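Colleague: Kindly return the folded structure for what I paste below:
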Amino acid sequence: MPTSEPGPADGPDPRESLERLLLEGPRRYTRRQVAELAGMPPERTQRLWRALGFADVPEGDPAFTDADVTALARLSALIDSGFVEPGAEASIARAMGQSLSRLADWQTDMLATLLAAPGGPPEDRAAVEADAVRSTERLLPLMRELQDYVWRRHLAANAGRLFLATPGSGDRRELAVGFADLVGYTSRSRGMGGRELGAMVEDFEGLAADVIARFRGRVVKTVGDGVLFTCADPVDAVEIALLLPDEWTAADRPPLRVGAAHGAVLTRLGDVYSPVVNLASRLTSLARPSTVLVDEQLARELRGVREYRVRPLRRVSVRGYDNLRPWLVRRRGAGDEAPGVAAFEELLDEIADDVLALPEDEDPPGGAGPFAD
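Modeller: Numbering: from 1, shown residues only. So this is what the prediction gives:
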C-alpha cells in the first residue's frame with residue numbers, strides 16, 4: 001500500500017517540527033547572511049529585529065529562515081513605494097511587534113492547554129507533544145485567515161477617513177478622548193487571588209470593548225485598571241462614558257469613573273498624543289465613583305443635546321493645570337420634568353450657558369454657584 005508523506009509530528013523532535021511549521025522552514029542564515037540576501041545593511045536589520053521585540057542573535061548563529069528574508073524584502077518594497085518613510089520603519093515595526101506579541105502570547109496560552117496533560121510515562125508525554133504539533137498544523141491556517149479578515153475589516157472601518165480628511169491634515173484629527181478607571185483597584189487587587197483578579201480584569205476589558213464598539217469608538221489601549229478610548233463624535237463619547245459605569249456596577253466590583261475631553265489629537269501608530277489626552281486623564285482622577293467629568297470644549301458640544309445635563313464645577317488645580325474647571329455630565333432623567341424640578345433645571349441650564357459664555361479663565365459672580373461641589 002502507498003504510504004502518506006510524513007507529517008510534522010512524525011519527526012524525532014516535536015519542538016523542532018513545531019518551530020519549522022511556525023517559521024515556514026528551518027533556520028539556516030546568520031544575521032549578516034539574511035541582511036545580505038535582503039539587500040540591507042546588517043545594522044539596519046538588527047535595529048528592525050529589536051523593534052519587532054526580539055532579542056539579539058549571537059553573531060554566526062543561523063537563526064533566520066527564508067521567511068525572514070522575504071519579510072525584509074517586502075519591507076524594502078514598502079519603503080521604495082513611498083508608503084513607509086525610511087525614518088519611520090523602526091516605529092512601524094515596533095507598533096506591529098507590540099500588537100502581535102500580545103496576540104501571540106494569548107494564542108500560545110491556548111495552545112499550551114494541549115500540553116497540560118498529567119504526568120505519565122515519557123512515551124505519553126511524547127504523544128501529547130506530537131498531538132500539539134498536529135493541532136497547530138490544523139489551526140494555524142484558520143488563525144491566519146481570521147487575523148487577515150479582522151485586519152481588513154478594521155481597514156475598511158477606517159477607510160472613510162481617506163475621503164473626509166482635510167488636505168494636509170494627515171494624522172491630526174478632532175476627537176473626543178476618554179479614560180475609564182476602576183476606583184480603588186490597587187488596594188482591592190491586593191486581597192484577590194490571581195484567578196479572581198484575572199477574571200475581573202477580563203470582565204472589565206470585555207465590557208469596555210463592547211460598549212465602546214457599540215457607539216463607534218475605538219479602544220486605544222487597556223492597562224489593567226483603565227481603558228483609553230477615542231470617538232469622532234462627541235455624543236458617542238459621552239454615551240460610552242455614561243454607560244460604562246452603569247453597566248459595570250455590581251456589588252462585587254469596584255466602581256468606575258470616567259473623564260473625557262475634546263480637541264485636536266495627533267494619531268500615530270495606533271496611539272494618540274495631545275494635551276487633550278492628558279486633560280481627559282486628569283478629569284478622570286477628579287471624578288467621583290460612577291460619575292463622568294468632561295472639559296469645557298466637550299461641554300460646549302453637549303449643550304444643544306437635549307438628552308444630557310452639563311453642570312460646571314469649582315475650579316481645581318491638578319498636575320499640569322492650575323485653574324481647571326471640570327464639567328459634570330449626567331443623563332436627563334424622567335424626574336427632571338416634574339413640576340418645580342423642571343423650572344429649577346432650566347435655571348441651572350441658563351447658569352451653565354452663562355458660564356460657557358464667559359472667557360475661559362473668568363468665573364461668574366459667586367464662583368460656581370450651585371455647582372461648587
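Colleague: and Ala93, what is it in contact with?
Modeller: Leu48, Ala51, Leu52, Leu75 (CB atoms under 8 Å, 6 or more residues apart in numbering). Placement of C-beta: from N, CA and C, glycine included.
Colleague: next one: Pro41
Modeller: Ala35.
Colleague: ok, so what distance separates it from Leu48?
Modeller: 11 Å (CB to CB, to the nearest Å).
Colleague: Isn't Val258 up against Val238?
Modeller: No - between Val258 and Val238 there is no contact under CB atoms under 8 Å: 9.3 Å.
Colleague: what's the overlap in contacts for those two?
Modeller: Val292.
Colleague: Skipping adjacent residues, who's closest to Pro255 in space?
Modeller: Distance criterion CB to CB, 6 or more residues apart in numbering; nearest residue to Pro255, sequence neighbours excluded, is Pro289 at 3.5 Å.
Colleague: what's the neighbour count on the one you found?
Modeller: When counting by other CB atoms under 10 Å, one arrives at 14 neighbours for Pro289.
Colleague: mind checking the backbone torsions on it?
Modeller: Torsion angles at Pro289 (phi, psi; degrees, to the nearest 10) stand at phi -50, psi 140.
Colleague: Tell me where the stretch 1-150 of the chain has helices.
Modeller: Using DSSP state H, counting those that start in this stretch, the helices of the stretch 1-150 of the chain run over 14-23, 31-38, 42-51, 66-81, 89-112, 122-159.
Colleague: and those, which is most packed in?
Modeller: helix 31-38 (a mean of 19; mean count of other CB atoms under 10 Å).
Colleague: Any regions of the stretch 101-250 of the chain where pLDDT drops low?
Modeller: 113-125, 161-170 (pLDDT under 70).
Colleague: which parts of stretch 268-283 are buried?
Modeller: Val272, Ser274, Val276, Val277, Asn278, Leu279, Ala280, Ser281, Arg282, Leu283 (16 or more other CB atoms under 10 Å).
Colleague: Any idea how far apart the tips of it sit?
Modeller: Using CA to CA, to the nearest Å, one end of stretch 268-283 lies 23 Å from the other.
Colleague: now swap in stretch 297-308 and tell me
Modeller: One end of stretch 297-308 to the other measures 15 Å (CA to CA).
Colleague: Give me the mean pLDDT for it.
Modeller: For stretch 297-308, the mean pLDDT works out to 88.
Colleague: chain center to it: distance?
Modeller: Averaging C-alpha positions (CA atoms, centre = their mean, to the nearest Å) puts stretch 297-308 27 Å from its chain's average.
Colleague: what comes up buried for it?
Modeller: Applying 16+ other CB under 10 Å to stretch 297-308 flags Gln297, Leu298, Ala299, Glu301, Leu302, Tyr308 as buried.
Colleague: what's it in contact with?
Modeller: With CB under 8 Å, 6+ apart, stretch 297-308 has contacts from 176, 234-235, 237-238, 260-263, 294, 310, 312, 327, 329-332, 352-353, 356.
Colleague: Let's see which of the buried residues of stretch 297-308 end up in strands.
Modeller: Residues of the buried residues of stretch 297-308 located in strands (DSSP state E): Tyr308.
Colleague: What is the most widely separated pair among the buried residues of stretch 297-308?
Modeller: Greatest spatial distance in the buried residues of stretch 297-308: Gln297 and Tyr308, 14.8 Å, computed using CB to CB.
Colleague: Could you chop this structure up by domain?
Modeller: 8-159, 163-371 (automatic domain parsing).
Colleague: Pull the CA coordinates from the helix or strand hosting Val201 and hand them back as PDB.
Modeller: According to DSSP states H and E, Val201 maps onto helix 194-214. Presented in PDB, the C-alpha positions along helix 194-214 are these (Å, rounded to 0.1, in the frame of the first residue of the first chain):
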ATOM      1  CA  GLY A 194      -4.700  35.600  40.700                       C
ATOM      2  CA  ARG A 195      -7.600  33.800  39.100                       C
ATOM      3  CA  GLU A 196     -10.100  36.100  40.700                       C
ATOM      4  CA  LEU A 197      -8.200  39.200  39.700                       C
ATOM      5  CA  GLY A 198      -7.700  37.900  36.200                       C
ATOM      6  CA  ALA A 199     -11.400  37.300  35.800                       C
ATOM      7  CA  MET A 200     -12.300  40.800  37.000                       C
ATOM      8  CA  VAL A 201      -9.900  42.400  34.600                       C
ATOM      9  CA  GLU A 202     -11.200  40.200  31.700                       C
ATOM     10  CA  ASP A 203     -14.800  41.200  32.600                       C
ATOM     11  CA  PHE A 204     -13.800  44.900  32.600                       C
ATOM     12  CA  GLU A 205     -11.900  44.800  29.300                       C
ATOM     13  CA  GLY A 206     -14.700  42.800  27.700                       C
ATOM     14  CA  LEU A 207     -17.400  45.200  28.800                       C
ATOM     15  CA  ALA A 208     -15.400  48.200  27.900                       C
ATOM     16  CA  ALA A 209     -14.700  46.800  24.400                       C
ATOM     17  CA  ASP A 210     -18.400  46.000  23.900                       C
ATOM     18  CA  VAL A 211     -19.700  49.400  24.900                       C
ATOM     19  CA  ILE A 212     -17.000  51.400  23.100                       C
ATOM     20  CA  ALA A 213     -17.600  49.400  19.800                       C
ATOM     21  CA  ARG A 214     -21.400  49.800  20.200                       C
END
